[in-house]
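Participant: Fold the following for me, if possible:
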Amino acid sequence: MEYLDISGKIGQLGSDCEWPMFSYERPAYVLWGAVANALQAKGWTENEIRVALQSKLPRWSMDCGALCDALNAAGEAS
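Facilitator: Below you'll find the model as predicted:
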């Protein structure tokens, strides 16, 4: 199945976007908090987690890595 790309459509409520959303930021906090907690459980320090999340690693994980596949599978399961 080809996934719907809404990245250019969604945005914060009140912004000039096609699909303004009330809870735009909350999913991002939940997602990146879960990633940080998983890295911490693997022994990463807070500084290592910060550096990783501020790098291009999250983008690469979404574009080429298993993170995108895992999120799509979770969406299909719900």
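
Participant: Which residue ranges of the chain form helices?
Facilitator: 26-41, 46-54, 57-63, 66-77 (DSSP state H).

Participant: Quick one: mean pLDDT for the shortest one?
Facilitator: Average pLDDT, helix 57-63: 79.

Participant: Does anything pack onto it? Which helices or strands?
Facilitator: helix 66-77 (3 or more Cβ pairs under 8 Å, 6 or more residues apart in numbering; DSSP states H and E). All C-beta atoms are positioned from the backbone trio N, CA, C, and that covers glycine.

Participant: Contacts for the helix it packs on next, please.
Facilitator: Under the criterion Cβ atoms under 8 Å, 6 or more residues apart in numbering, residues Tyr3, Leu31, Val35, Pro58, Ser61, Met62 lie in contact with helix 66-77.

Participant: number of nearby residues for the first one?
Facilitator: The number of residues packed around Tyr3, counting by other Cβ atoms under 10 Å, is 9.

Participant: which phi and psi does it have?
Facilitator: phi -90, psi 150 (degrees, to the nearest 10).

Participant: okay, now Gly43: neighbour count?
Facilitator: Gly43 has 7 nearby residues by other Cβ under 10 Å.

Participant: Please apply the same query to the one 4 residues further on.
Facilitator: One way to gauge burial is a neighbour count; for Asn47, by other Cβ under 10 Å, it gives 8.

Participant: and it, how far is that from Leu13?
Facilitator: 34 Å (Cβ to Cβ, to the nearest Å).

Participant: ditto for Arg59
Facilitator: Taken as Cβ to Cβ, the span from Arg59 to Leu13 is 25 Å.
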